[in-house]
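Sequence below, structure please.
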Amino acid sequence: MTAAASLAAPLAHGQGCLAGTAADEFTANRVGLEREWILQIPTVISGWHLEQLVVGDGLVVAQTGDGTVHAIQSAPFGDSSLPFGSPRPGTLLWSQQVGRAGNSVTRAGIGPDLIAVAEVRQMTGLERSTGQVRWRESFNQSGSTGTAAIGDWVYADSSGGGVTRFAAQPLRQPVLVAATPDKTAAKGGKKLAPKAKRPRKENLKPHLINDGGSGRLATVPIQLAEGVLWCTTDGLLTTEQPADAEWRRLEFSLINPPAGPPVVRGNSIFTSTTTGDLARIDLPNSLKKLDLIWHTVLPGPAVTGPFVTGKMILVSLGELGFAAYSTETGAELWRTCLTGKILAVGGSRGWFIDEVGRLSSLDLADGARRDMLCLGPFHLPVVNTVSDRLFLASESGTVVCLAPRGAGGTPTLAAPAATTAPVVPERGSSDPAAKPRP
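Model prediction:
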C-alpha cells in the first residue's frame, strides 16, 4: 500500500516538474516501483539547501545548511505495517536547530533512541522520538566521515583520524556481566559455584578508542554483531565487541585501501578495495579472530563499496561496468558494460545514475539495462545500503521514498547464512594463499 505524505505548498505548486521522474506515481509504477511517500522539508524554502540525507531503520534524517536536523518517519524495514497510532510514513516528526548556519554539515548517526550530530567543537545527542537535546559534549572532530549511533554508544572520527566513543546515556549504570563458574570452588568434583555478577569495565565519558595510528578513518563506523566495525584508509578492518569484563578488539588487514564502506549482513562483512579485491570476512561466535571466508580478484579496481541483496553482491568497476558475485563463494555471476553510481538494490533491480545523468536500472538476473528516467530536480544522490528502498532528494528539500512493487515493509536485503565455504583462489593464480592477510 502506498502512503503519500501531505505536500507543502511549494511542492504542490511545482508538482508538474516531477512528471516523467520516478517521483511521479504513474512513472514509478511503470518501472516496477511504488511511491511510499514524498515530502517537502519546509525550512529549506528559506534559502538553505538540503546537504545530507541519512537512511536508518524506520527513520530518515535530513540535514540542512542552516544547521537544522529534520526527522522523517519512514516505512519500518522488516514490518508490513506500522504499530497502531504511529505516524504514517513520510511524516515530518520534528525539526531541531543544532549547529550554526553555514557550518559544514557532517553525517548524523541514527540509533535506537538517539540521533547523534557532530560539529566542529561539539557532539549533540537528540531524543529520537521528540528531537529534544539529551546531552552535549565537547568534541574536537575532523568531520571527514560522520557519526554512528550503535546500541548504547556513539562513534565518530576525531582529529588525527582516530575514533572517539560516547555513551548514548552518560548517566546509566554499568552493565552487569553474566555469572561465570568459580574454578577455585572446585574441590573433589563438586559442582562449581557461579561468581556474583560484577559491573563491566565501561568508560561512560567520551574517550579515544583508536588513535588513528594505522591510518585515518575511511568510512563511517557501522554495527557488527553487538559491537562496532570501522576501516582505515590503509585497509585495516577493526571491530570492538563487548566480551566478559571488557571490550575485545579484532583486526584484519585488507592490505589495500577500501573502495567504499563495507557492508554487514548478519556476522558477515563484505568489502572491496581500490586495487580490485572483493572479500567476505566473518565474525565467529568465539570472537577469537576475523575469519576470511573467500577472496576474489576483480577484473579491475572497485570504485565503490559493495551492495548486497539476498545471495548477490553488486560492485561498480568504473569504466569496466558492474559485476555481480555470489555471497557464498565469491564466484562471478555476471558482468555488464553499464557504468554509473549505484544508489540502491531491491526487488529485481539495481538503481544507478548513469554516465549522462539519468536514473537507470539494471536487471539483477543478468545485468541488462531495464529502465531510464529523467532525474528532474533530484540531483542530491542518496546511497542506501541498509534497505531495498530507493531515495531521491533535491537540494531544495524534496525527498521521495520508493519501494519495489509489492515489497510492502519486507526488505530484500536478507543476511546470508553463515558458511564455512573454502577460500577461492585468485583467478590467474594457483596459489590460494595469495589473498588479504588476517
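
in what helix or strand does the closest residue to Asp363 other than its chain neighbours lie?
Excluding its sequence neighbours, the residue lying closest to Asp363 (CB to CB, 6 or more residues apart in numbering) is Arg370, at 5.2 Å. C-beta here means a position set from N, CA and C on the backbone, and glycine is covered the same way. For Arg370, the host element (DSSP states H and E) is strand 369-373.

Just the buried residues of that strand, please?
By neighbour count on 16 or more other CB atoms under 10 Å, the buried set for strand 369-373 is 371, 373.

quick one on the thing from earlier: what confidence value was assigned to the residue nearest to Asp363?
According to the prediction, Arg370 has pLDDT 95.

And it, how far from Ala324?
To Ala324, Arg370 is 15 Å away according to CB to CB, to the nearest Å.

again, but for Leu343
To Ala324, Leu343 is 16 Å away according to CB to CB.

One more: Leu171?
When distance is defined by CB to CB, Leu171 is 48 Å away from Ala324.

Also Thr271?
As for Thr271, its distance to Ala324 is 16 Å (criterion: CB to CB).

count of residues packed around the residue lying closest to Gly235 once chain neighbours are set aside?
The shortest distance from Gly235 to any non-neighbouring residue, by CB to CB, 6+ apart, is to Leu254 (3.6 Å). Neighbours of Leu254 under the rule other CB atoms under 10 Å: 23.

my guess is Leu254 contacts Cys231, does it?
Yes - contact criterion CB atoms under 8 Å: Leu254 and Cys231 qualify, at 7.5 Å.

Give me the common contacts of these two.
Shared contacts of Leu254 and Cys231 (CB atoms under 8 Å, 6 or more residues apart in numbering): 237, 271.

Got the phi and psi for Glu332?
Dihedral angles of Glu332 (phi, psi; degrees, to the nearest 10) stand at phi -70, psi 130.

Contact partners for it?
296, 323-325.

sorry, back to before: quick one: which of Thr271 and Ala324 has more around it?
Taking other CB under 10 Å, Thr271 and Ala324 do not tie; Thr271 has more neighbours (27 against 23).

Nearest spatial neighbour of the more buried one, chain-adjacent residues omitted?
Nearest residue to Thr271, sequence neighbours excluded (CB to CB, 6+ apart): Pro262, at 4.1 Å.

Measure how buried the one you found is and give me the count.
Neighbours of Pro262 using other CB under 10 Å come to 24.

What of Phe270?
24.

ok, it touching Lys311?
No - at 11.6 Å, Phe270 does not count as touching Lys311 under the criterion of CB under 8 Å.

residues contacting Ala28?
Applying CB under 8 Å, 6+ apart, the residues near Ala28 are 22, 34-35, 402.

Let's see which of these end up in helices.
For the contacts of Ala28, not one is inside helices, with DSSP state H as the criterion.

most neighbours, which of these?
Of all the contacts of Ala28, the highest neighbour tally under other CB under 10 Å goes to Leu402, namely 27 neighbours.

Dig out what that one forms beta bridges with.
According to DSSP bridges, the residues that bridge with Leu402 are Arg35, Leu390.

Look up how far Gly109 lies from it.
From Leu402 to Gly109 the distance is 24 Å (CB to CB).

ok, back up a step: distance between the strand holding Arg370 and the chain's centre?
Centroid separation for strand 369-373 versus its chain: 26 Å, with CA atoms, centre = their mean, to the nearest Å.

now do stretch 137-154
Relative to its chain's centre, stretch 137-154 lies at 15 Å (CA atoms, centre = their mean).

Stretch 98-114 now?
16 Å.

what do Phe270 and Lys311 both touch?
Taking CB under 8 Å, 6+ apart as the criterion, Phe270 and Lys311 both touch Thr327.

any idea which element Val154 lies in?
Element membership of Val154, judged by DSSP H and E, is strand 153-157.

and for that strand, what are the contacting residues?
109, 111, 114, 116, 118, 123, 125, 139, 141-149, 163-168, 216-217, 221, 228, 230.

Given that strand, what are its sheet partners and their directions?
Sheet partners by DSSP bridges: for strand 153-157, these are strand 147-150 (antiparallel), strand 163-167 (antiparallel).

who wins for proximity to Pro306 among those?
Evaluated over those, closeness to Pro306 peaks at strand 147-150, with 18.8 Å, by CB to CB.

Give the buried residues for the closest one.
Within strand 147-150, the residues scored as buried using 16+ other CB under 10 Å are 147-150.

out of the contacts of Glu332, who has the most neighbours?
Tyr325 (27 neighbours).

Show the contacting residues for it.
Taking CB under 8 Å, 6+ apart, we find Tyr325 in contact with 278, 296, 312-313, 315, 331-333.

sorry, back to before: would you point out the most distant pair within the contacts of Glu332?
Every pair of these checked by CB to CB; the farthest is Thr296 and Ala324, at 11.6 Å.

Would you agree Pro261 is in contact with Ile222?
Yes - counting by CB under 8 Å, Pro261 touches Ile222, with 6.9 Å between them.

Name the helix or strand for the nearest residue to Leu290 once chain neighbours are set aside, please.
What sits nearest to Leu290 in space, not counting adjacent residues and going by CB to CB, 6+ apart, is Phe252, at 4.1 Å. Taking DSSP H and E as the definition, Phe252 sits inside strand 246-253.

Next secondary structure element downstream of that strand?
strand 263-265.

So which elements touch that following strand?
Here strand 263-265 touches strand 222-224, strand 268-272, strand 307-309, going by 3 or more CB pairs under 8 Å, 6 or more residues apart in numbering; DSSP states H and E.
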